[in-house]
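In: coords below, sequence missing:
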């Protein structure tokens with residue numbers, strides 16, 4: 001279907017945002033952080049897009065991209081497709097590269113700077129494989145940190161609202177959906193922290209996770225002096 005230049009300009013921000021989300025989805029699909037490409041390039045001796053530039057592109061806030069950005073992304077993609085790792089010594093980087101997949105579609109499995117530019121402009125669709133955002137990759141340290149923050153939020157609300165701890169725990173735990181309720185209760189009571197793989201299905205968007213949403217809903221209800229509305233069919237959680 002033909003498109004005019006005026007229509008392209010009208011959709012410019014939308015197209016750039018879609019391009020950024022695609023890069024984010026691609027990076028997360030490969031299990032990379034924003035620093036992975038730079039670290040790899042530094043060891044292998046090639047020019048890669050900076051993590052700062054990549055971040056603003058992913059957020060759709062980069063404005064007009066220069067030609068160099070497409071060449072850098074294209075070179076990154078070529079090396080992934082051809083498994084041209086270069087002289088990489090760091091084991092962690094090697095592991096990230098081994099299972100990495102290139103950005104592309106059925107017509108062109110490994111996009112070059114041309115396809116990347118066309119997608120950025122809205123002249124080529126985002127590949128279906130990269131239209132959905134995977135959960136961010138987190139390590140155990142981050143998972144432990146989040147678990148601790150959520151426990152501290154619960155304790156703070158209990159103290160500030162003068163709640164009875166056991167009643168508060170039960171009313172909070174049942175805010176969670178049934179399949180996640182027992183584990184949520186265990187984390188709240190200090191019987192271990194969430195593991196990275198457990199957080200993936202709890203991710204919502206950005207840095208938001210379901211346990212934080214459940215806590216916020218429960219806290220808001222208690223601040224208003226009302227009981228959490230809860231879900232139908234909920235049962236108290238027992239230790």
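Out: Arrived safely, thanks for sending. Fair warning: this is a prediction, and the values are worked out from it, not measured in the lab.
In: domains for this structure, by residue range?
Out: Each domain of the chain is listed here as a residue range: 5-130, 140-223, per automatic domain parsing.
In: how about a markdown table for the ones you listed, with mean pLDDT and mean neighbour count added?
Out: The C-beta positions use only the backbone N, C-alpha and C, and glycine is treated the same way. What follows is the domains of the chain, written out as a markdown table (pLDDT from 0 to 100; neighbours: other Cβ atoms under 10 Å):
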| stretch | mean pLDDT | mean neighbour count |
| --- | --- | --- |
| domain 5-130 | 92 | 16 |
| domain 140-223 | 92 | 16 |
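In: remind me what the host helix or strand of residue 154 packs against, helices and strands.
Out: Taking DSSP states H and E as the definition, one finds residue 154 inside helix 140-161. Here helix 140-161 touches helix 165-173, helix 178-188, helix 196-199, helix 210-223, going by 3 or more Cβ pairs under 8 Å, 6 or more residues apart in numbering; DSSP states H and E.
In: so it versus helix 165-173, what angle?
Out: For helix 140-161 against helix 165-173, the angle by axes from the mean of the first three to the mean of the last three Cα atoms, to 10 degrees is 120 degrees.
In: distance between helix 140-161 and the chain's centre?
Out: Put simply, helix 140-161 sits 21 Å off its chain's centre (Cα atoms, centre = their mean, to the nearest Å).
In: cool, stretch 76-87 as well?
Out: Averaged over its C-alpha atoms, stretch 76-87 has a centre that lies 24 Å from its chain's centre (Cα atoms, centre = their mean).
In: can you tell me what sits against that stretch?
Out: Among residues not part of stretch 76-87, those counted as contacts by Cβ atoms under 8 Å, 6 or more residues apart in numbering are 37, 40-41, 43-46, 48-49, 94, 97, 100-104, 109-112, 116.
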